[in-house]
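K.L.:
Quick check, what structure comes out for this input:
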Amino acid sequence: MKMVILYHPVSEQARKVEEFARDFERTQHVKPELVSLETKEGADLARVYDAVQYPAIIVTRDDGSHMKQWEGEKLPLMDEVAARLR
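P.N.:
Numbering: from 1, shown residues only. Sure thing, here's the model as predicted:
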């Protein structure tokens, strides 16, 4: 499983997203991939997974197929995300 967080690194939510990613890695032992929406990769991922609100947390299988997605300023509980990664 893979976890990607699409976000705007120069925004009000950036610090909250980066803290979430750091705490998630520390407690769940899974490192989320932070991807800027200002990059081509970020824009492409947003299009592929139809993300329209940010930040967007996307959990995929190793083959890239979609498992679960959370969007918007209110981040999900870490346990909720971790459950999808098992």
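
K.L.:
who does residue 5 bridge with?
P.N.:
residue 34, residue 57 (DSSP bridges).

K.L.:
where does the residue of the chain most remote from its centre land in three-state SS?
P.N.:
The centre of the chain is farthest from one residue, residue 63, which by Cα atoms, centre = their mean lies 16.8 Å away. Three-state call for residue 63 (DSSP: H, G, I helix; E, B strand; the rest coil): coil.

K.L.:
distance of it from residue 2?
P.N.:
From residue 63 over to residue 2 the distance is 10 Å, taken as Cβ to Cβ, to the nearest Å. No exception for glycine: its C-beta is placed from N, CA and C like everyone else's.

K.L.:
Now do the end-to-end distance for stretch 43-63.
P.N.:
20 Å (Cα to Cα, to the nearest Å).

K.L.:
in that stretch, what's buried?
P.N.:
Using 16 or more other Cβ atoms under 10 Å as the test for burial, stretch 43-63 gives 45-46, 49, 51, 54-60.

K.L.:
Which parts of this structure are strands?
P.N.:
2-7, 33-36, 56-60, 66-71 (DSSP state E).

K.L.:
May I see the buried residues of the first one?
P.N.:
Applying a neighbour-count criterion of 16+ other Cβ under 10 Å, the buried positions in strand 2-7 are 3-7.

K.L.:
In terms of pLDDT, where does residue 80 sit?
P.N.:
Here, the pLDDT recorded for residue 80 equals 96.

K.L.:
Look at it and say how many residues are nearby.
P.N.:
By the criterion of other Cβ atoms under 10 Å, residue 80 has 12 neighbours.

K.L.:
repeat for residue 75
P.N.:
18.

K.L.:
Fine, thanks again, bye for now.
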